[in-house]
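Colleague: only geometry, no sequence info:
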């Protein structure tokens with residue numbers, strides 16, 4: 001039987017090749033489509049987690065509607081202060097670290113070069129919470145924050161824009177640049193990390209948040225407070241404690257009227273995972289259809305062959 005089968009296959013090489021091709025393309029398409037979906041899901045998850053893990057991001061502004069179904073923009077209000085972050089660190093359970101943030105876009109100038117980029121006022125905890133590594137020099141420390149020093153750490157993209165793409169970025173240490181027409185001394189350059197889709201840490205400048213308050217924003221309010229939780233399973237519990245604490249500090253009795261909102265990184269990851277799983281199923285279904293069409297073509301070919309031989 002095996003000898004007769006091989007003989008039949010070899011005597012109809014074109015038909016055998018087309019039959020094999022239909023099966024191969026169908027199966028390969030299923031494998032490729034599912035792999036693409038799972039790869040995209042893993043890539044997105046890794047990029048989000050590269051910005052820090054177990055994070056609760058507190059931003060000023062209500063998360064509720066303000067009329068006609070419009071949603072108030074987060075981060076535009078002025079309601080968060082350094083006192084809030086200090087109380088969170090001292091009173092909330094499972095908190096590993098807290099960092100203050102003041103963000104804005106400013107014109108950056110060095111001699112004949114200039115660029116417009118994000119400037120992040122923060123403290124020494126930001127590097128650990130947000131997984132920022134310094135390649136040359138140093139990051140912000142507590143002494144710079146207390147003295148409101150005009151120092152800055154450049155992302156590699158900003159450094160290349162100011163000093164040239166072929167320049168040695170280690171030589172940027174000690175140079176003076178202007179942020180919003182104010183001179184700052186470069187004390188560090190971060191390692192290249194790439195964009196996460198939500199922010200690009202390579203295209204960013206870091207300065208002490210106290211310096212940002214004094215020279216750039218002109219007020220004592222924060223743009224964001226990031227809280228890192230020690231245990232991923234305690235995220236919801238910590239979020240509830242922070243919400244209740246801030247409501248008390250801001251003298252707000254109704255949670256629906258809160259002048260802040262908290263984003264849970266776990267919720268974001270779950271939403272993205274659910275979306276990518278749906279995408280994977282869709283891609284697998286499309287590939288399955290191609291496999292089904294290939295199978296029907298093979299069935300038709302076999303049926304025709306058997307009918308001809310029967311006749």
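Modeller: Looks like it came in fine. It should be emphasised that the depicted structure is a prediction, and the values quoted were computed from it without experimental measurement. Numbers count the residues shown, from 1 in each chain.
Colleague: Could you name the helices and strands sitting against the lengthiest helix in the chain?
Modeller: Scanning the chain for the helix with the most residues, using DSSP state H, yields helix 265-310. Packing partners of helix 265-310 (3 or more C-beta pairs under 8 Å, 6 or more residues apart in numbering; DSSP states H and E): helix 13-49, strand 55-60. Heads up, the C-betas are built off the backbone N, CA and C, glycines and all.
Colleague: now residue 200, which residues is it bridged with?
Modeller: In this entry, residue 200 is beta-bridged to residue 195, by DSSP bridges.
Colleague: Spit out the contact partners of it.
Modeller: 155, 157, 194 (C-beta atoms under 8 Å, 6 or more residues apart in numbering).
Colleague: which of the residues you listed are buried?
Modeller: Neighbour counting by 16 or more other C-beta atoms under 10 Å classes 155, 157 among these as buried.
Colleague: Identify the residue with the minimum pLDDT among the contacts of residue 200.
Modeller: Within the contacts of residue 200, residue 194 has the lowest pLDDT, namely 71.
Colleague: That one and residue 203 touch, don't they?
Modeller: No. The pair residue 194 / residue 203 is not scored as a contact, 10.3 Å apart, by C-beta atoms under 8 Å.
Colleague: which of the helices and strands packed on helix 265-310 sits most buried?
Modeller: Mean neighbours per residue, mean count of other C-beta atoms under 10 Å, is largest over the helices and strands packed on helix 265-310 for strand 55-60, with a mean of 22.
Colleague: Report all helices and strands that that one contacts.
Modeller: strand 224-229, helix 235-249, strand 260-264, helix 265-310.
Colleague: Show me the shaky parts of the stretch 101-250 of the chain.
Modeller: 195-199 (pLDDT under 70).
Colleague: For it, just list every one of the helices.
Modeller: 125-129, 142-147, 156-163, 209-212, 235-249 (DSSP state H, counting those that start in this stretch).
Colleague: mind putting the ones you listed in TSV, distance to residue 169 included?
Modeller: Shown next, in TSV, are these (distance: least, C-beta to C-beta, whole Å):
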stretch	distance to residue 169
helix 125-129	18
helix 142-147	20
helix 156-163	5
helix 209-212	22
helix 235-249	37
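Colleague: Would you mind finding the most buried of these?
Modeller: Greatest average neighbour count among those goes to helix 209-212 (a mean of 24), per mean count of other C-beta under 10 Å.
Colleague: which helices and strands sit right next to that one?
Modeller: On a contact count with 3+ C-beta pairs under 8 Å, 6+ apart, helix 209-212 meets strand 95-110, strand 113-122, helix 142-147.
Colleague: now these as JSON lines including distance to residue 224?
Modeller: As requested, the helices and strands packed on helix 209-212 are exported to JSON lines (distance: least, C-beta to C-beta, whole Å):
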{"stretch": "strand 95-110", "distance to residue 224": "4"}
{"stretch": "strand 113-122", "distance to residue 224": "9"}
{"stretch": "helix 142-147", "distance to residue 224": "16"}
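Colleague: quick one, which of these is nearest to residue 290?
Modeller: In terms of C-beta to C-beta, the element of the helices and strands packed on helix 209-212 nearest to residue 290 is strand 113-122, at 44.5 Å.
Colleague: Show me which positions of that closest one end up buried.
Modeller: Neighbour-count burial for strand 113-122, counted by 16+ other C-beta under 10 Å, picks out 115, 117-122.
Colleague: contact partners of that strand?
Modeller: Strand 113-122 is touched from outside by 99-108, 126, 140, 155, 158, 161-164, 179, 199, 203-213, 216-217, with contacts defined as C-beta under 8 Å, 6+ apart.
Colleague: Show residues contacting stretch 237-249.
Modeller: By C-beta under 8 Å, 6+ apart, the surrounding residues in contact with stretch 237-249 are 56, 58, 83-84, 87-88, 91-95, 227, 229, 253, 255, 258, 260, 262, 264.
Colleague: Show the buried residues in the residues you listed.
Modeller: For the contacts of stretch 237-249, a neighbour count by 16+ other C-beta under 10 Å gives the buried set as 56, 58, 84, 87-88, 92, 94-95, 227, 229, 258, 260, 262, 264.
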